[in-house]
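*Asks:* take a look and give me a structure for this.
(one chain, ligands or ions: 3)
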Amino acid sequence: MTRILIKNGTVVTFKSVKQANVLINENTIEKIAPNIEENFDQVIDATGKLIFPGLVDVHVHFRDPGFTQKETVQTGSLAAAHGGYTTVCTMPNVKPVPNTPKLLKKMIDANMEKSVVKIRQIAPISVDRIKENLNDLEGLKKVGAIGFSNDGSGVQSTKLMLKAMEQVVKLKVPIAAHLEDESLMGSGVINDGQAARRLGLAGITELAETTQLARDLELARATGVHYHVCHISTKRSVQLVRQAKADGVHVTAEVTPHHLLLDDSMIKTDDPAFKMNPPLRSYEDRQALLVGLIDGTIDAIATDHAPHTVEDKEGSFETASFGISGLETALPLIYSSFVKTGILSLSQLVQIMSYNPAQIFKLDGAGQLQEGNAADIIIFDPNKKWKISNEFFESKGHNSPFIGRKVFGKVQCTIVNGKIVFGEESK
Ligand SMILES: NC(=O)N[C@@H](CC(=O)O)C(=O)O
Ligand SMILES: [Zn+2]
Ligand SMILES: [Zn+2]
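*Replies:* Ligands and ions are numbered 1, 2, ... in the order given. Next comes the predicted model:
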């Protein structure tokens, strides 16, 4: 029996902020109370620290199998723990693409064996994520898929998306959309805006996202499916989601920390650390994303953790890979920019980074710090001031536009199922 007592911290849930002690018994939260007298084997002093339910990221890329030079389940999960995430949902753009229940089951088993955090798997909608024929969605759900997405590519065919939604609605899980109309995308590598013009790079029009979103919202309305928007990036997309929600369409949306904190006015040189898909949009788009997050149009923050090797991210926007490493910097960035400044409350932070993501994908028990639940908990030191550096990353991907940025707040300890997986006390 292992009992861990976390003493003198401030417990933050999506509803409340309270001084309390937390007693963990084996893998469960036994008690949360101002004073706890029971025996324990280990004590963690959390004086001056915040205790959050473990963060939940509904959109990460672990590259395993197929691209393990970029990330493995092991390094990705260590990065998650380091960033304060106890549950992550992995996207299926790996090799082989897990098109069949057998392949997906193999991936889920490997995830379970190699990971220090909880991994939930999203399955591909169609064969190889790009073909016109649907996968066996029911079979994929049976072996553990928590949702479906062709992330990495948009669903080009309206008919395919309609057929997918008609099946997914029966399975009662979300369909998560990467929005990208390839006929409008062309050879674009950066937002079609001021940085593209300044640097002479091919632009990506916002219409590549918004036209597909408008189409999908109509299909979602018609089918009643739970439709989830991945990495929303434009002002117009926020307006479309807001209107659809008002009209009763079952839609949720996620935004990344980078789309909230960066815009294309900040891309000063041809530096692929700033290259991702969708691209960093304009200042006005960025402000609209923040407004959408605050008013509940956008439900959650997801990192879209997209690790790459140094070689993949070298050179120019024209040739480098899309994506940034996000799991380890998300919480300090969001805390520093939005909580410390009073834009979001601590409970709102837990809501958008833990509770809501768990609700979207129905991840039972995740995102809620309460007695009887699995002990997925993090301890966060809000006063620590530090600078994000290349050496900080546990991920194989050090590709981050935030390197060099000063932030407040550091994860001190991450506990998954009652086991310390990151932090001083794990020694
Ligand atoms: N976001 C990215 O820029 N890249 C992602 C793919 C994706 O999320 O669409 C990747 O897998 O590298
Ligand atoms: Zn995507
Ligand atoms: Zn992605």
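*Asks:* and the lengthiest helix in the chain, does that touch ligand 1?
*Replies:* With secondary structure taken from DSSP state H, the chain has its longest helix at helix 207-223. No. Using C-beta under 6 Å from any ligand atom, helix 207-223 stays clear of ligand 1, with a minimum separation of 11.5 Å. Backbone N, C-alpha and C define where each C-beta goes, glycine included.
*Asks:* and the residue in the stretch 101-250 of the chain positioned nearest to ligand 3, what is it in contact with?
*Replies:* Nearest to ligand 3, among the residues of the stretch 101-250 of the chain, is Asp151, at 4.5 Å (C-beta to the ion). Going by C-beta atoms under 8 Å, 6 or more residues apart in numbering, Asp151 touches His59, Met91, Pro92, Asn93, Ile122, Arg129, Ala176, His178, Cys230.
*Asks:* thought Arg221 was touching Ala244?
*Replies:* Yes. Between Arg221 and Ala244 there is a contact under C-beta atoms under 8 Å: 7.2 Å.
*Asks:* more neighbours, those two?
*Replies:* More neighbours surround Ala244 than the other of Arg221 and Ala244, with 23 against 16 (other C-beta atoms under 10 Å).
*Asks:* for that one, which non-adjacent residue is spatially closest?
*Replies:* Of all residues not flanking Ala244 in the chain, Leu217 sits nearest, at 4.6 Å (C-beta to C-beta, 6 or more residues apart in numbering).
*Asks:* the one you found touches His250, doesn't it?
*Replies:* No. Using C-beta under 8 Å, Leu217 makes no contact with His250, being 10.4 Å away.
*Asks:* overlap in contacts of those two?
*Replies:* Shared contacts of Leu217 and His250, defined by C-beta under 8 Å, 6+ apart, comprise Tyr227.
*Asks:* so which of those two has more stuff around it?
*Replies:* Counted by other C-beta under 10 Å, Leu217 and His250 do not tie: Leu217 has more neighbours, with 21 against 16.
*Asks:* how close does the more buried one get to ligand 2?
*Replies:* 18 Å (C-beta to the ion, to the nearest Å).
*Asks:* which residues touch that residue?
*Replies:* Tyr227, Leu240, Val241, Ala244, Val249, Val251.
*Asks:* what's near enough to touch whichever residue of the stretch 301-427 of the chain sits closest to ligand 3?
*Replies:* As assessed by C-beta to the ion, ligand 3 sits closest to Asp304 within the stretch 301-427 of the chain, at 4.4 Å. With contacts defined as C-beta under 8 Å, 6+ apart, Asp304 is in contact with His59, Val60, His61, Cys230, His231, Thr256, Met276, Gly323, Ile324, Gly326.
*Asks:* pLDDT weak spots in the protein?
*Replies:* 1, 424-427 (pLDDT under 70).
*Asks:* show me what from it comes close to ligand 1.
*Replies:* Residues of the chain lying near ligand 1 (C-beta under 6 Å from any ligand atom): His61, Asn93, Asp151, Gly152, His178, Met276, Asn277, Asp304, Ala306, Phe322, Gly323.
*Asks:* those: which two are farthest apart?
*Replies:* The most widely separated members of the residues of the chain next to ligand 1 are Asn93 and Met276, with 14.2 Å between them, by C-beta to C-beta.
*Asks:* show me where the chain has helices.
*Replies:* Counting by DSSP H, the helices of the chain are 73-83, 101-114, 137-142, 158-171, 182-185, 194-199, 207-223, 235-246, 257-261, 283-294, 330-334, 346-350, 356-360.
*Asks:* find the closest residue to ligand 2 in this protein.
*Replies:* Closest point on the chain to ligand 2, by C-beta to the ion, is His178, at 3.5 Å.
*Asks:* residue contacts, that residue?
*Replies:* Ser149, Asn150, Asp151, Gly152, Ser153, Gly154, Cys230, His231.
*Asks:* find the nearest non-adjacent residue to it, please.
*Replies:* Counting by C-beta to C-beta, 6+ apart, the residue nearest His178 is Asp151, at 4.4 Å.
*Asks:* buried members of the residues of the chain next to ligand 1 into ChimeraX, please.
*Replies:* Buried residues within those, by 16 or more other C-beta atoms under 10 Å, are selected in ChimeraX with:
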select :61,93,151,152,178,276,277,304,306,322,323
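*Asks:* got the residues of the protein near ligand 3?
*Replies:* Asp151, Asp304 (C-beta under 5 Å from the ion).
*Asks:* and the chain, what are its domains?
*Replies:* 3-51+373-389+406-422, 54-361 (the TED database).
*Asks:* distance between the last one and the chain's centre?
*Replies:* This points to domain 54-361. Remark: domain 54-361 is offset 7 Å from the chain centroid, using C-alpha atoms, centre = their mean, to the nearest Å.
*Asks:* quick one: contacts for the residue in the stretch 1-150 of the chain positioned nearest to ligand 1?
*Replies:* The minimum distance from the stretch 1-150 of the chain to ligand 1, using C-beta to the nearest ligand atom, falls at His61 (4.3 Å). Contact analysis of His61 by C-beta under 8 Å, 6+ apart lists Glu71, Thr90, Met91, Asn93, Asp304, His305, Ala306, Pro307, Gly323.
*Asks:* okay, and which of those map to strands?
*Replies:* Thr90 (DSSP state E).
*Asks:* just to revisit the earlier point, most neighbours among the contacts of Asp304, please name it.
*Replies:* Gly326 leads those on contacts (other C-beta under 10 Å) with 30 neighbours.
*Asks:* enumerate every residue touching Ala214.
*Replies:* Leu240.
*Asks:* against Lys49, how distant is it?
*Replies:* 45 Å (C-beta to C-beta, to the nearest Å).
*Asks:* and Arg63, what is it in contact with?
*Replies:* Lys70, Glu71, Thr72, Gly76, Val94, Pro307 are the contacts of Arg63 under C-beta under 8 Å, 6+ apart.
*Asks:* what's the burial count for the closest residue to the third one other than its chain neighbours?
*Replies:* If I follow you right, that is Thr72. Sequence neighbours aside, Asp64 is the residue nearest to Thr72 in space, at 4.7 Å (criterion: C-beta to C-beta, 6+ apart). Neighbourhood size, Asp64 [other C-beta under 10 Å]: 23.
*Asks:* pretty sure Asp64 is touching Ser77, no?
*Replies:* No. In this structure Asp64 lies outside contact range of Ser77 using C-beta under 8 Å: 9.9 Å.
*Asks:* got any residues that touch both of the two?
*Replies:* When C-beta under 8 Å, 6+ apart defines a contact, the residues bordering Asp64 and Ser77 alike are Lys114.
*Asks:* where's the residue of the stretch 301-427 of the chain closest to ligand 3 relative to Pro98, distance?
*Replies:* 19 Å.
*Asks:* now do Lys172
*Replies:* Distance from Lys172 to Pro98, by C-beta to C-beta: 20 Å.
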